[in-house]
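Participant: The following comprises the amino acid sequence and a computationally predicted model.
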Amino acid sequence: MSSEFVVGLDMGTTKVAVLIGEFTPAGETRIIGAGTAPAEGIKKGVVVNMDQAAECVRSAVVQAERMAGVEIRGVCAGVSGPHMRSFNSRGVIAIPTSRHEVAAKDVEKVTEAARSITLPFEQEIVHALPQDFVVDNQGGIHDPIGMSAMRLEADVHIVTALGMPLENIVKVCKKVGLEIVDMVFEPFAAARAVLTKDEMNIGCLLVDVGGGITNYALYYGGSVRASGVVAAGGANVTNDLAVGLRTPASVAEGLKVAHGVALTTLAADEESIVVPGIGDRGGRHVRTQILAAIIEPRSEEIFTMVKKAVSAEPFFRLIGAGIVLTGGGSRLKGMDGLAEEVFDLPVRIGRAQGLMGLSELVESAEWTTSIGLILCGRDRIAERGFGGPADRVKWVIHRLRRIAGLF
């Protein structure tokens, strides 16, 4: 990864996506290369076959490189899966009496104190994200640097993952000749691409409906307050259609995209389609209302699972901006209306804005995470000065010691 180009790698259940972004001196984001490949060897965000996964990544990388005319060496990779866990932690430190003023190193120290917790076996910290600070019992402070204080506390959102699935992603990339410069929890990347500052401040729940899993992140007061993964996504809807219509999964996916709706009220009364049979069995006519009757319960279940996961969070009752849907699963007609019924909140479909170059090619919701990854990569460059070989070596050494990061 250089100071001019950032590469995002999204290894999903249904597809692998690689996006190359160029950042102009004027601060513009230009998409210059994109590549995809059907995902094989990857299930619910976890590598299950190294060789198959590597071949998929290689195919997507080659496409993106040819389109951009550059060679990819380092990537910002998205990570997710049912093995991810998140929770909030608090750190407390005393400010040295010699200065009684909060410095940047104190913020780092108190964040590290919040990270100093006992984790379950094989769990590693992926992110430690400061939420709010408390200075001498005065809470609600976002930036304590420069304030006079004797005691500093920090509420921090911690995201952890099993170490082996993360290392397997690293190994897959090494097989293709890629170095992972950074790892980002996928709902944070999606949020970076589609949420506005106002939405993050007044409260918003991002729901990223993927192929095998659905990620979510709850924001309030400009910070992430809760996040997680539910083990269901668009592929579950496809499987239900395949079983219910007695047709191959590939055919069911095509029918879902072309004729499916997430609300039965949106299906035409008399409209019918031809559903091919399996093997030498002939096709038959099926009303589109039947498709909707199969799609709606599973889609509703996905949103209900997310709501159950976040409803206990105190900030969920405070969100004023409602729900933002993204991911390939959100493209299904009526998904926003169904989400409104489940959450009883306003819903919009999230789209990345302000992109240049090949933006029309990647404007659909299924590219949201990839776009967010290159934006996160750009943020890292600005914050840490990544780009040179020495910086990359330092980051690799740091990551081998402990996978960690601030977003």
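Facilitator: Arrived safely, thanks for sending.
Participant: Buried by neighbour count: which residues of the biggest helix by length in the chain qualify?
Facilitator: What stands out as the longest helix in the chain, according to DSSP state H, is helix 288-310. Across helix 288-310, burial judged by 16 or more other CB atoms under 10 Å covers 288-292, 294-296, 298-303, 306-307, 309-310. Where C-beta positions appear, they are placed from N, C-alpha and C, glycine not excepted.
Participant: List of residues touching whichever helix or strand comes after it?
Facilitator: Moving toward the C-terminus from helix 288-310, the next helix or strand (DSSP states H and E) is strand 323-326. Applying CB atoms under 8 Å, 6 or more residues apart in numbering, the contact partners of strand 323-326 are 190, 193-195, 199, 204-209, 335-336, 339-340, 343, 345-351, 365, 368.
Participant: which of those are buried?
Facilitator: Among the contacts of strand 323-326, those buried by neighbour count (16+ other CB under 10 Å) are 190, 193-195, 199, 204-209, 335-336, 339-340, 343, 345, 347-351, 365, 368.
Participant: Point out the other elements, helices or strands, that the helix or strand hosting Ala64 touches.
Facilitator: Assigned by DSSP H and E, Ala64 falls within helix 50-68. Under the contact definition 3 or more CB pairs under 8 Å, 6 or more residues apart in numbering; DSSP states H and E, helix 50-68 sits against strand 5-11, strand 15-23, strand 29-38, helix 163-175.
Participant: what is the rounded mean pLDDT of that helix?
Facilitator: Per-residue pLDDT values over helix 50-68 give a mean of 95.
Participant: Could you list the paired strands of the very next helix or strand once past it along with their orientation?
Facilitator: Counting by DSSP H and E, the next helix or strand C-terminal to helix 50-68 is strand 74-79. Strand 74-79 sits in its sheet next to strand 5-11 (parallel), strand 179-185 (parallel), going by DSSP bridges.
Participant: can you map out the helices along the stretch 201-350 of the chain?
Facilitator: 234-245, 249-259, 288-310, 335-343 (DSSP state H, counting those that start in this stretch).
Participant: for those helices, which one sits closest to Leu318?
Facilitator: helix 288-310 (11.9 Å; CB to CB).
Participant: Same question for Arg351, what's its three-state structure.
Facilitator: coil (DSSP: H, G, I helix; E, B strand; the rest coil).
Participant: Please tell me how far it sits from Leu325.
Facilitator: Using CB to CB, to the nearest Å, we find Arg351 at a distance of 10 Å from Leu325.
Participant: shared neighbours of these two, anything?
Facilitator: Residues touching both Arg351 and Leu325 (CB under 8 Å, 6+ apart) are Ala365.
Participant: is it true that Arg192 touches Arg378?
Facilitator: No: applying CB atoms under 8 Å, one finds Arg192 not in contact with Arg378, separated by 9.6 Å.
Participant: Make JSON lines from the helices of the stretch 201-350 of the chain and add distance to Phe23 and mean pLDDT to it.
Facilitator: Below are these laid out as JSON lines (distance: least, CB to CB, whole Å; pLDDT from 0 to 100):
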{"stretch": "helix 234-245", "distance to Phe23": "31", "mean pLDDT": "94"}
{"stretch": "helix 249-259", "distance to Phe23": "33", "mean pLDDT": "91"}
{"stretch": "helix 288-310", "distance to Phe23": "33", "mean pLDDT": "96"}
{"stretch": "helix 335-343", "distance to Phe23": "32", "mean pLDDT": "97"}
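Participant: Compare those helices and give me the one nearest Pro276.
Facilitator: helix 249-259 (5.4 Å).
Participant: and the angle for that closest one with helix 288-310?
Facilitator: Counting by axes from the mean of the first three to the mean of the last three CA atoms, to 10 degrees, helix 249-259 points 90 degrees away from the direction of helix 288-310.
Participant: in helix 249-259, what's buried?
Facilitator: Neighbour-count burial for helix 249-259 flags Val251, Ala252, Glu253, Gly254, Leu255, Lys256, His259 (criterion: 16+ other CB under 10 Å).
Participant: counting contacts, what elements does that helix pack onto?
Facilitator: On a contact count with 3+ CB pairs under 8 Å, 6+ apart, helix 249-259 meets helix 234-245, strand 272-275, helix 288-310.
Participant: Go through those and name the closest to Gly8.
Facilitator: helix 234-245 (20.4 Å).
Participant: now that closest one: how far from the chain's centre is it?
Facilitator: 24 Å (CA atoms, centre = their mean, to the nearest Å).
Participant: sorry, back to before: with distance to Ala17 as extra columns, can I get the helices and strands packed on helix 249-259 in CSV?
Facilitator: Below are these laid out as CSV (distance: least, CB to CB, whole Å):
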stretch, distance to Ala17
helix 234-245, 15
strand 272-275, 29
helix 288-310, 21
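Participant: Please name whichever of those is nearest to Ile72.
Facilitator: Ile72 lies closest to helix 234-245 among the helices and strands packed on helix 249-259, at 27.6 Å (CB to CB).
Participant: That closest one to helix 288-310, inter-axis angle?
Facilitator: Interaxial angle of helix 234-245 relative to helix 288-310 (the same axes, to 10 degrees): 140 degrees.
Participant: Give me the buried positions along helix 234-245.
Facilitator: Applying 16+ other CB under 10 Å to helix 234-245 flags Gly234, Ala235, Asn236, Val237, Thr238, Asp240, Leu241, Ala242, Gly244, Leu245 as buried.
Participant: before we move on, what about stretch 41-48?
Facilitator: Residues of stretch 41-48 classed as buried by neighbour count (16+ other CB under 10 Å): Gly41, Ile42, Lys43, Lys44, Gly45, Val46, Val47.
Participant: Between those residues, which sits nearest Pro120?
Facilitator: Taking CB to CB as the measure, Pro120 sits nearest to Val46 out of the buried residues of stretch 41-48, at 17.2 Å.
Participant: Three-state assignment for the residue in the chain sticking out farthest from the centre, please.
Facilitator: In the chain, the residue that sits farthest from the middle, by CA atoms, centre = their mean, is Ser98; the gap is 43.3 Å. Following three-state DSSP, Ser98 is assigned to coil.
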